[in-house]
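> sequence and computational prediction follow.
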Amino acid sequence: MSSTTVLRPAETSAGALDDARAQLATATRLLGYDDGLHAMLATPRRELTVAVPLRADDGSTRLFTGYRVQHNLSRGPAKGGLRYSPTVTLDEVRALAMWMTWKCALLDVPYGGAKGGVAIDPRLHSTAELERVTRRYTSEILPIIGPERDIPAPDVGTDEQTMAWIMDTYSVNSGYTVPGIVTGKPISLGGSLGRSSATSRGVVHIALAALRARSIAPSRATAAVQGFGKVGRDTARFLGDADVRVVAVSDQYGAVHAPAGLDVERLVAHVAATGSVVGFDGAGALDRDLLLELDVHLLVPAATEGVLHEGNAARVTAPVIVEGANGPTTQAADRVFADRGQLVVPDILANAGGVIVSYFEWVQANQAYWWAAHEVEARLADRMLAAWDSVLATAAAKDLSLRTAATVLAVERVAEAHRLRGLYP
Ligand code: NAD
């Protein structure tokens, strides 16, 4: 006999949404937009909350809550990741969807912004349970997704296997294979070469440009990377390849520190074997959150939102902070960093490599024509560095922070698309 357990999502935390709304408000004020246009830009076009029942391996039934938010559709289909985390809330997904809109506009990929989430801890479930959750969530949001409507991708707690299950569920319901429904797929199912490392490659292109902008030669720079998942791990690798000395990394369980520099490949092997950076014999142990306060030239938060906040900003001394994660810096921390002249490269620029190569993957899938790895990487670098140049030029011309300059550029493009299309009816 089966029992029913209801797992509630965590209490709503409006922190990330407050930050996203405040950033938009600053941009629309600088652009002189009226209240109507501001409200249009601040409000998601569609939000779907779904119940996701799971038949667990032990025969019991459990219920999770899932979300898909489409923030804006003015420039094209909605695009954004899918997150599996016990702390996912509707407000968090709203914030992440809004940032996706600005990211796609800033990098000039022809998408609006979206995000999805299921309030579930994937570490507590078998592969079979995660497959059933993914297929059920997909079938619940089926009416609003599609290669011309809304295209999910991996985010925290999801990966290429998750995307393969979404693609299969969507394709079975369509009656034919639809590779353009998701990006971040396995290569053998139409994924793009270079997609899995694209976010980290982009972070490192931007980090090197930011160090140079501060006259710090990469070969004499030290770095700390928070998070050792899909983004953090390859960021540490590629920084090492560029001669930057990565002295510390962390994950949710702890941090490791080696002032002479970490052997990142050995650390990757340790994490593959044990599931965490903790206990790595090539470095000393460090308190997880003290990583953020290390005396390094470059700090890359690549884990989650709100980690640089009022309580620790004054102790964060890195002159260059490059946001690998979405929303790692709160408004209060942003003010502290601005007052002290630290250079913060915002998420919508720094971690946009993933959505750029997702766009390339979607183009390749829709044309059934595949590009070589070197083509993907060259086009990624061109787009990232062109966006860096335009954000830097706007910041200098208007005396703005990089975050505000990037948001202004992006919001202007979305508003222009909205104006040209007009308001229906
Ligand atoms: P992931 O699930 O692969 O990895 C997350 C990592 O962060 C894990 O190592 C986890 O242990 C660690 N972590 C969680 N909380 C932590 C804490 N408090 N301190 C230290 N480490 C902590 O997720 P990901 O795909 O690497 O995403 C990380 C961030 O990058 C998220 O903000 C995500 O939205 C953003 N992002 C991801 C992509 C992508 O392509 N995957 C693209 C753009 C932005």
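Nice, I can see it.
> any idea how many residues pack against residue 146?
16 (other Cβ atoms under 10 Å). Every C-beta, even on glycine, is put in place using the N, C-alpha and C of the backbone.
> quick one: it from residue 174, how far?
9 Å (Cβ to Cβ, to the nearest Å).
> CA-only coordinates of stretch 33-40 in CSV, if you can.
What follows is stretch 33-40, C-alpha atoms only, in CSV (Å, rounded to 0.1, in the frame of the first residue of the first chain):
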residue,chain,number,x,y,z
TYR,A,33,10.7,55.2,-19.2
ASP,A,34,7.1,55.8,-17.9
ASP,A,35,5.4,53.7,-15.3
GLY,A,36,3.5,51.7,-17.9
LEU,A,37,6.6,50.6,-19.8
HIS,A,38,8.3,49.9,-16.4
ALA,A,39,5.4,47.7,-15.3
MET,A,40,5.5,45.8,-18.6
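> name the residues that touch it?
Contact with stretch 33-40 is made by 24-25, 28, 41, 415, 418, as judged by Cβ atoms under 8 Å, 6 or more residues apart in numbering.
> tally of neighbours for the nearest residue in space to residue 249 that is not next to it in sequence?
Nearest residue to residue 249 in three dimensions, chain neighbours excluded: residue 225, at 4.7 Å (Cβ to Cβ, 6 or more residues apart in numbering). Neighbour count for residue 225, taken as other Cβ under 10 Å: 34.
> strand partners of the helix or strand where residue 225 lies, parallel vs antiparallel please.
Under the criterion of DSSP states H and E, residue 225 resides in strand 222-226. Partners of strand 222-226 in the sheet, by DSSP bridges, are strand 245-251 (parallel), strand 298-301 (parallel).
> can you list the buried residues in stretch 332-348?
333-334, 336-337, 342-348 (16 or more other Cβ atoms under 10 Å).
> any part of it near the ligand?
No: on the criterion Cβ under 6 Å from any ligand atom, stretch 332-348 is out of touch with the ligand, staying 6.9 Å away.
> next, the distance between the ends of that stretch.
Criterion Cα to Cα, to the nearest Å; first-to-last residue distance in stretch 332-348 is 18 Å.
> and the contacts of it?
So stretch 332-348 is contacted by 99, 102-103, 106, 206-207, 210, 213-214, 308-310, 312-314, 316, 318-329, 401-403, 406-407, 410 (Cβ under 8 Å, 6+ apart).
> show me which of those residues neighbour the ligand.
Within those, those near the ligand by Cβ under 6 Å from any ligand atom are 324-326.
> of the residues you listed - the most surrounded one?
residue 324 (30 neighbours).
> could I get the buried residue list for the strand ranked longest in the chain?
If you go by DSSP state E, the chain has its longest strand at strand 61-72. Using 16+ other Cβ under 10 Å as the test for burial, strand 61-72 gives 62, 64-72.
> which elements pack onto that strand?
strand 4-6, strand 46-55, strand 78-84, helix 90-106, strand 112-118, helix 127-141 (3 or more Cβ pairs under 8 Å, 6 or more residues apart in numbering; DSSP states H and E).
> okay, these in TSV with mean neighbour count next?
Listed next are the helices and strands packed on strand 61-72 as TSV, based on neighbours: other Cβ atoms under 10 Å:
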stretch	mean neighbour count
strand 4-6	10
strand 46-55	16
strand 78-84	28
helix 90-106	27
strand 112-118	29
helix 127-141	19
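> ok, of those, where does mean pLDDT dip lowest?
Mean pLDDT is lowest for strand 4-6 out of the helices and strands packed on strand 61-72, coming in at a mean of 33.
> quick one: contacts for whatever residue of the stretch 201-350 of the chain ends up closest to the ligand?
At 1.8 Å from the ligand, residue 229 is the closest residue in the stretch 201-350 of the chain, using Cβ to the nearest ligand atom. Shown in contact with residue 229 (Cβ under 8 Å, 6+ apart): 156, 251, 302-303.
> just to revisit the earlier point, looking at the contacts of stretch 332-348, which are in helices?
Using DSSP state H, the subset of the contacts of stretch 332-348 located in helices is 99, 102-103, 106, 206-207, 210, 213, 402-403, 406-407, 410.
> tell me which two of these sit farthest apart.
By the measure Cβ to Cβ, 99 and 213 form the most distant pair in those, at 23.0 Å.
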